[in-house]
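**Student:** model the structure of this input:
(one chain, ligands or ions: 1)
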Amino acid sequence: MDRDGGVIPAAVVGIFPYAGTPEQDLQLGQCAAAWQEGQQPFWSLSETQSMLAGDSCRAFFAATSEDAQWHGVVLVEVTAEWSDLLYLYVPQAHRRNGIARLLLLHLLERARGELPSPAVILEVRPSNLAAWSLYLSLGFVEVGRRKAYYSNGEDALVLKHLGYEVPWVRR
Ligand SMILES: CC(C)(COP(=O)(O)OP(=O)(O)OC[C@H]1O[C@@H](n2cnc3c(N)ncnc32)[C@H](O)[C@@H]1OP(=O)(O)O)[C@@H](O)C(=O)NCCC(=O)NCCS
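**Tutor:** Take a look at the predicted model:
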């Protein structure tokens, strides 16, 4: 939502790479705090910063401008074979507004244009219907299942996008 409580249209949101500025780290800390809540806790701020300090990890943020509050983030590890999607997160207040779709389309375009491989791979819980629906709507296909992958014993579905055919979707 914007400062007046209205929903920000995805059309005015841009995608910006993480560059480690103090303002970005402040916001990354807010994301990391939110990641610790609920049933799917994620990395802490220091763990996330360590990962981003390496050459292979990239993060892209959705915001109305480079310095504005972020509305979503995607983290990937880039290898010669594919980009491995480590995490995708949109704060509750900004959900169902096309932000995650924008982030993934940006990632797929980057993968096709400048990354070593156009392919993108990820794991998702079968119970995460929001994420699963999103990935399928963008052309990801199930290529495997990791048994009892998550700490609660839940399997992980392995999904892959070959990157060659990005479907047309409303942006
Ligand atoms: C999954 C998540 C990233 C989706 O973000 P979002 O910005 O709300 O998603 P979008 O608005 O771009 O949705 C795009 C499509 O995904 C699907 N989708 C998204 N949320 C959904 C939901 N709650 N239920 C069903 N389908 C959903 C729909 O097909 C949707 O298209 P539509 O709105 O035209 O119907 C967000 O819910 C989130 O951050 N969840 C917690 C973290 C997480 O689970 N991350 C993914 C696992 S790594």
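**Student:** who's in contact with Tyr149?
**Tutor:** Glu123, Asp155, Ala156 (C-beta atoms under 8 Å, 6 or more residues apart in numbering). Backbone N, C-alpha and C define where each C-beta goes, glycine included.
**Student:** list the buried residues of the helix-or-strand element of the chain with minimal mean pLDDT.
**Tutor:** Every helix and strand of the chain was ranked by mean pLDDT, DSSP states H and E. The lowest is helix 22-35, at a mean of 85. Within helix 22-35, the residues that count as buried by 16 or more other C-beta atoms under 10 Å are Gln24, Gln27, Leu28, Cys31, Ala32, Trp35.
**Student:** let me have those residues in JSON lines, extended by distance to Lys147.
**Tutor:** Shown next, in JSON lines, are the buried residues of helix 22-35 (distance: C-beta to C-beta, whole Å):
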{"residue": "Gln24", "distance to Lys147": "37"}
{"residue": "Gln27", "distance to Lys147": "36"}
{"residue": "Leu28", "distance to Lys147": "32"}
{"residue": "Cys31", "distance to Lys147": "30"}
{"residue": "Ala32", "distance to Lys147": "29"}
{"residue": "Trp35", "distance to Lys147": "25"}
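**Student:** around the ligand, which positions in the protein sit nearby?
**Tutor:** Applying C-beta under 6 Å from any ligand atom, one finds that the chain approaches the ligand through 72, 87-90, 95-101, 124, 128-131, 133-134, 137.
**Student:** which members of these are classed as buried?
**Tutor:** Looks like the residues of the chain next to the ligand have 72, 87-90, 97-101, 124, 131, 134 buried, using 16+ other C-beta under 10 Å.
**Student:** which ones among those residues map onto helices?
**Tutor:** Judged by DSSP state H, those include Ile99, Ala100, Arg101, Ala131, Leu134 as members of helices.
**Student:** dump these into CSV; add pLDDT as well.
**Tutor:** Output for these, formatted as CSV (pLDDT from 0 to 100):
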residue, pLDDT
Ile99, 94
Ala100, 96
Arg101, 95
Ala131, 96
Leu134, 97
